[in-house]
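# based on what follows, work out the 3D shape:
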Amino acid sequence: MDLVDLLPDPHAQFDRWFDEATAAGVPDPEQMALSTATRDGVPSVRMVLLKGHDPRGFVFYTNRGSRKGSELQTNPRAAGVLHWKPQERQVRLEGTVEVVADDEAAAYFRTRPRNSQIGAWASPQSQPVTSRADLEHRVAEIERRFAGEEEVPLPTFWGGFRIVATVIEFWQGQPGRLHDRIRYEPGSGGWDRQRLAP
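Down below sits the predicted model:
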C-alpha cells in the first residue's frame with residue numbers, strides 16, 4: 001500500500017475500506033474500540049458500534065450518564081480503532097468529540113428494535129445495580145410505561161457523540177511485520193498524508 005493507493009480524503013478512503021469489509025462478510029465491521037479519559041487523564045476503553053460516518057466525523061450512541069458519556073462531557077477527546085482481521089486492516093481515529101443533535105439521535109433511536117429502546121430507558125449504564133433481577137424489574141416497569149405507545153421516545157439522557165477526527169491512520173498488514181501505515185492530518189487546503197514506520 002502506498003500513498004497513490006489511498007484517496008486524498010480520509011473520509012472517502014474510510015468509506016471505501018468499510019464497504020469492502022462489509023462486502024467481504026467481515027463480522028460486525030462497525031465494531032470500534034473507543035478510548036476516553038477523565039479530566040485527569042485516566043483512560044478507559046470499551047467496544048461500541050459505529051453508527052454513522054461522513055465528513056463531519058464518526059458517530060456512536062450511548063447513555064450520556066455512562067462512564068464514557070461522563071468522561072466525554074468533561075474531557076471531549078477520544079480515540080477509536082476499527083480492526084478488520086480477515087483483511088489485515090485497521091483504521092485509527094483521534095480527535096475532539098461533539099454531541100450529536102437531538103433530532104439526529106431521535107432518528108437513529110427510532111431504527112432500534114423496541115427491546116433495545118426499552119433497555120436504553122431501563123439501564124442506568126455503568127452504575128451499580130443490586131442484582132440481575134432488579135435490572136429485569138426495571139425493564140418490566142418501562143415496558144408497562146410504554147405499553148400503549150406506538151413509539152418509545154428518545155430518553156433525555158441518551159444520545160450520540162461524534163468524533164471529529166484530527167488524525168486518521170490506515171494500517172494494512174504485510175508479511176514480516178513490515179506493515180503499511182499512512183496517517184492523515186489536516187493541512188493547508190486539505191489533508192496531509194505521511195507514511196509511518198511499522
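
# element containing the closest residue to R77 other than its chain neighbours?
The shortest distance from R77 to any non-neighbouring residue, by Cβ to Cβ, 6 or more residues apart in numbering, is to T96 (5.7 Å). All C-beta spots, glycine's among them, are computed from the backbone N, C-alpha and C. Using DSSP states H and E, T96 sits in strand 89-99.

# show me what contacts R16?
L7 (Cβ atoms under 8 Å, 6 or more residues apart in numbering).

# SS state for it?
Assigned with DSSP: H, G, I helix; E, B strand; the rest coil, R16 falls in the helix class.

# next one, pLDDT for it please.
At R16, the model reports a pLDDT of 97.

# how close does the residue nearest to R77 sit to R16?
24 Å (Cβ to Cβ, to the nearest Å).

# returning to that earlier point: the strand holding T96: partners in the sheet, and parallel or antiparallel?
strand 77-84 (antiparallel), strand 158-172 (antiparallel) (DSSP bridges).

# just the endpoints, please. Distance across stretch 68-84?
24 Å (Cα to Cα, to the nearest Å).

# among the strands paired with strand 89-99, which is nearest A101?
strand 158-172 (8.4 Å; Cβ to Cβ).

# so for the closest one, mean pLDDT?
What strand 158-172 shows for mean pLDDT is 97.

# dump it to PDB, restricted to CA.
Extracted in PDB, the C-alpha atoms of strand 158-172 (Å, rounded to 0.1, in the frame of the first residue of the first chain):
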ATOM      1  CA  TRP A 158     -29.400   9.100  25.800                       C
ATOM      2  CA  GLY A 159     -27.800  10.300  22.600                       C
ATOM      3  CA  GLY A 160     -24.900  10.400  20.200                       C
ATOM      4  CA  PHE A 161     -21.300  11.600  20.200                       C
ATOM      5  CA  ARG A 162     -19.300  12.400  17.100                       C
ATOM      6  CA  ILE A 163     -15.500  12.000  16.900                       C
ATOM      7  CA  VAL A 164     -14.300  14.900  14.700                       C
ATOM      8  CA  ALA A 165     -11.100  13.300  13.600                       C
ATOM      9  CA  THR A 166      -7.800  15.300  13.600                       C
ATOM     10  CA  VAL A 167      -5.800  12.100  12.900                       C
ATOM     11  CA  ILE A 168      -6.900   9.200  10.800                       C
ATOM     12  CA  GLU A 169      -4.500   6.300  10.200                       C
ATOM     13  CA  PHE A 170      -4.900   3.400   7.800                       C
ATOM     14  CA  TRP A 171      -3.000   0.300   8.600                       C
ATOM     15  CA  GLN A 172      -2.500  -2.700   6.200                       C
END
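
# and the next element down the chain from it?
Downstream of strand 158-172 (by DSSP H and E), the next one is strand 180-187.

# pull out the buried positions in that next one.
Buried positions in strand 180-187, judged by neighbour count with 16 or more other Cβ atoms under 10 Å: 180-184.

# could you dump those residues to a markdown table with distance to V81 and pLDDT?
Compiled in a markdown table, the buried residues of strand 180-187 are given as follows (distance: Cβ to Cβ, whole Å; pLDDT from 0 to 100):
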| residue | distance to V81 | pLDDT |
| --- | --- | --- |
| D180 | 16 | 96 |
| R181 | 13 | 97 |
| I182 | 15 | 97 |
| R183 | 13 | 98 |
| Y184 | 15 | 98 |
